[in-house]
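A.B. asks: Okay, sequence plus prediction incoming.
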Amino acid sequence: MIDKLELFLALARARHFGRAAEEIGVSQPTLSAGVKHLEDMLGVPLVVRGSRFQGFTAEGERLLEWSRRLVGDWRSMRQDIEALRKTVCGHFRLAAVPTALAMVPKLTTAVIDKHPGVDFLILASNSQKIIEQVENLAIDAGLTYLDNEPVGNFVKIPLYRERYHLITGPDSQFSGRTEVRWAELQGIPLCLLSPDMQNRRIIDRALHRVGVKAEVAVESNSMTALAAHVRTGRWISIMPTVLMEALGLPVELAAIPLIDPVIEHTIGLVMMDREPHSPMAAAMITAAKRLAQTQGH
């Protein structure tokens with residue numbers, strides 16, 4: 001039964017029979033047969049049939065909720081039982097919004113120091129996708145914004161407050177300043193993350209609030225690409241404090257606080273809230289709570 005629910009979850013993640021089958025390493029007929037088996041067993045249609053995947057029926061959506069719960073509990077149970085006969089070990093999948101990637105090593109190092117048998121897959125993603133991936137068990141946890149997301153049955157551990165600075169070279173019009181108002185960025189070409197990233201949406205809202213539309217000269221979904229441009233000293237960007245510190249920006253670059261308004265958002269760890277937690281999940285929660293204490297949360 002669990003294997004059929006795993007197939008169903010894969011379909012929910014991919015929203016496409018072929019891609020779902022490829023993701024979990026089975027043939028498309030095998031995946032289709034697994035979904036049909038669930039439909040026959042429950043006596044209801046689960047998928048809206050058509051020439052391509054069109055979504056789930058109401059019964060399918062309800063089964064999806066139960067599948068997340070049952071498969072998650074099954075995985076946690078296996079880890080818990082295995083931990084009784086050996087040390088905590090396994091593969092932990094952690095996704096983070098690009099601006100929070102600098103915080104990831106503090107979590108992974110803390111877990112591995114305590115449990116050397118744990119290894120990590122680290123992914124960069126946007127905030128909306130992180131919530132979807134946690135819900136569908138594609139990842140075990142995420143680092144994302146907690147102000148508006150997530151909702152639902154999540155463990156949420158605030159880690160730090162994201163504050164914004166203008167990053168500029170020594171020859172810009174802002175050199176020597178101790179503060180810059182958001183309104184002063186009118187007409188200034190900026191180097192920013194792409195619009196699908198929550199960080200970019202926060203910046204756009206802050207500029208809109210003071211009547212400024214972002215003039216973007218360079219945009220990317222990669223923080224590495226932005227950092228490479230900023231390092232040249234020719235590009236102006238807006239970055240949170242924690243990311244600036246992690247990037248180790250050249251000393252000739254200035255990091256100037258942005259004010260009027262001062263924008264802050266909470267970054268934290270999210271994962272599904274189920275008891276008991278798997279040993280790896282419990283280890284991550286412990287590491288996150290300890291890290292939060294060092295960050296003032």
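C.D. replies: Structure received.
A.B. asks: Below-threshold pLDDT in the stretch 151-297 of the chain: ranges please.
C.D. replies: By pLDDT under 70, the weakly predicted segments of the stretch 151-297 of the chain are 151-152, 245, 247-251, 296-297.
A.B. asks: Need phi/psi at Arg201.
C.D. replies: As for Arg201, its main-chain torsions (degrees, to the nearest 10) stand at phi -60, psi -40.
A.B. asks: Can you report how many residues neighbour the residue lying closest to it once chain neighbours are set aside?
C.D. replies: In space, and not counting its chain neighbours, Arg201 is closest to Pro195: 6.9 Å by Cβ to Cβ, 6 or more residues apart in numbering. All C-beta spots, glycine's among them, are computed from the backbone N, C-alpha and C. Pro195: 14 surrounding residues under other Cβ atoms under 10 Å.
A.B. asks: Could you list which residues are in contact with Pro195?
C.D. replies: By Cβ atoms under 8 Å, 6 or more residues apart in numbering, the contact set of Pro195 is 201, 204, 219.
A.B. asks: please redo it, this time with the cut-off set to 10 Å
C.D. replies: 126, 201, 203-204, 214, 216, 219, 221 (Cβ atoms under 10 Å, 6 or more residues apart in numbering).
A.B. asks: before we move on, what about Met1?
C.D. replies: Taking Cβ under 10 Å, 6+ apart, we find Met1 in contact with 37-38, 41, 70, 74.
A.B. asks: filter the residues you listed to the buried ones?
C.D. replies: Leu38 (16 or more other Cβ atoms under 10 Å).
A.B. asks: per the record, what domains does this protein have?
C.D. replies: Domain assignment of the chain by automatic domain parsing yields the ranges 1-86, 160-265.
A.B. asks: Tell me which of those is the most buried.
C.D. replies: Highest mean neighbour count of the domains of the chain: domain 160-265, a mean of 17 (counted as mean count of other Cβ atoms under 10 Å).
A.B. asks: first vs last residue of it, how far apart are they?
C.D. replies: Its start and end residues considered, domain 160-265 measures 8 Å (Cα to Cα, to the nearest Å).
A.B. asks: and it, how far out from the chain's middle?
C.D. replies: Relative to the chain's own centre, domain 160-265 is displaced by 21 Å; criterion: Cα atoms, centre = their mean, to the nearest Å.
A.B. asks: next one: stretch 53-73
C.D. replies: The answer for stretch 53-73 is 22 Å, by Cα atoms, centre = their mean.
A.B. asks: same check, this time on stretch 101-109
C.D. replies: 13 Å.
A.B. asks: ok, which stretches of the stretch 101-250 of the chain are strands?
C.D. replies: Secondary structure of the stretch 101-250 of the chain (DSSP state E, counting those that start in this stretch): strands at 117-124, 141-145, 154-168, 180-181, 189-193, 215-220, 236-240.
A.B. asks: Could you list every helix and strand that the lengthiest helix in the chain packs against?
C.D. replies: Using DSSP state H, we find that the single longest helix of the chain is helix 58-85. The helices and strands touching helix 58-85, judged by 3 or more Cβ pairs under 10 Å, 6 or more residues apart in numbering; DSSP states H and E, are helix 2-14, helix 28-42, strand 89-96, helix 127-135, strand 264-272, helix 279-294.
A.B. asks: Quick check: next helix or strand after the first one?
C.D. replies: Past helix 2-14, further along toward the C-terminus, the next helix or strand under DSSP states H and E is helix 17-24.
A.B. asks: chain center to that next one, what's the gap?
C.D. replies: Per Cα atoms, centre = their mean, the displacement of helix 17-24 from the mean C-alpha position of its chain is 22 Å.
A.B. asks: so what secondary structure elements neighbour that helix?
C.D. replies: helix 2-14, helix 28-42.
A.B. asks: Taking helix 28-42 as reference, get the angle to that helix.
C.D. replies: Calculated by axes from the mean of the first three to the mean of the last three Cα atoms, to 10 degrees, helix 17-24 forms an angle of 100 degrees with helix 28-42.
A.B. asks: what residues does helix 17-24 touch?
C.D. replies: With Cβ under 10 Å, 6+ apart, helix 17-24 has contacts from 3, 6-14, 16, 26-32, 34-35, 47, 52-53, 138.
A.B. asks: ok and that helix relative to helix 2-14, angle-wise?
C.D. replies: Using the same axes, to 10 degrees, helix 17-24 lies at 120 degrees relative to helix 2-14.
A.B. asks: For helix 17-24, give the mean pLDDT please.
C.D. replies: Averaging pLDDT along helix 17-24 gives 82.
A.B. asks: Then stretch 125-137?
C.D. replies: In the prediction, stretch 125-137 has an average pLDDT of 88.
A.B. asks: Tell me how far that stretch lies from the chain's centre.
C.D. replies: Stretch 125-137 sits 6 Å away from the centroid of its parent chain (Cα atoms, centre = their mean).
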